[in-house]
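# Please work out how this folds:
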Amino acid sequence: MPGNTLKRYPSELKARAVRMVAEVCGEHDSEWAAMTKVAQRLGVTTPETVRKWVRQAQVDEGARPGVTTEDSVELKWLKRLNAELRRANSILKAASAFFAAEQGRPSH
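Take a look at the predicted model:
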């Protein structure tokens, strides 16, 4: 996507942000206000990023329904493996068809 830059944050920063939101939530009118303040303090581009981290942490802890980080990583790995196996299978089918056709031809 042109114009959309993906900024990766270290996992330590994400964990710190999640802890900070929990710690300062009572000092603000809303959870969003706490997330906004934490994002500003840590130099995170948007409070929405912090909100996503907090929600994912809640899923990982079992406090919220959803796909855990661990399951998401495994699913991505399995999808890549599946694609790789499909490509290998396609190559093997093509080679099998080629060699089957070669056997039917007279040799020189």
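
# Domain-wise, how is the chain divided?
Domain ranges of the chain: 10-66, 67-108, per automatic domain parsing.

# Quick check: which of these is buried the most?
Counting by mean count of other Cβ atoms under 10 Å, domain 10-66 has the highest mean neighbour count of the domains of the chain, with a mean of 15. Every residue, glycine included, has its C-beta placed from N, CA and C.

# re the thing from before, can you put the domains of the chain in CSV and add mean pLDDT?
Shown next, in CSV, are these (pLDDT from 0 to 100):
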stretch, mean pLDDT
domain 10-66, 96
domain 67-108, 92
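
# quick one, phi/psi of the nearest residue to residue 65 once chain neighbours are set aside?
In space, and not counting its chain neighbours, residue 65 is closest to residue 59: 7.2 Å by Cβ to Cβ, 6 or more residues apart in numbering. Here is the backbone geometry of residue 59 (degrees, to the nearest 10): phi -60, psi -50.

# quick one: contacts for residue 59?
65-69 (Cβ atoms under 8 Å, 6 or more residues apart in numbering).

# What segments of this structure are helices?
Under the criterion DSSP state H, the chain contains helices at 11-24, 31-42, 47-60, 69-104.

# Only the C-alpha atoms, please, for stretch 22-39, written as PDB.
What follows is stretch 22-39, C-alpha atoms only, in PDB (Å, rounded to 0.1, in the frame of the first residue of the first chain):
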ATOM      1  CA  ALA A  22      -3.100  -1.000  33.300                       C
ATOM      2  CA  GLU A  23      -1.200   1.200  35.800                       C
ATOM      3  CA  VAL A  24      -2.500   4.600  34.700                       C
ATOM      4  CA  CYS A  25      -6.100   3.600  33.700                       C
ATOM      5  CA  GLY A  26      -7.500   4.800  37.000                       C
ATOM      6  CA  GLU A  27      -5.900   8.200  36.600                       C
ATOM      7  CA  HIS A  28      -7.900   8.900  33.400                       C
ATOM      8  CA  ASP A  29     -11.500   9.400  32.500                       C
ATOM      9  CA  SER A  30     -11.400   6.400  30.100                       C
ATOM     10  CA  GLU A  31      -9.200   3.600  28.900                       C
ATOM     11  CA  TRP A  32      -8.800   5.400  25.600                       C
ATOM     12  CA  ALA A  33      -7.400   8.500  27.500                       C
ATOM     13  CA  ALA A  34      -4.900   6.200  29.300                       C
ATOM     14  CA  MET A  35      -3.900   4.700  26.000                       C
ATOM     15  CA  THR A  36      -3.500   8.100  24.400                       C
ATOM     16  CA  LYS A  37      -1.200   9.200  27.300                       C
ATOM     17  CA  VAL A  38       0.900   6.000  27.200                       C
ATOM     18  CA  ALA A  39       1.300   6.400  23.400                       C
END
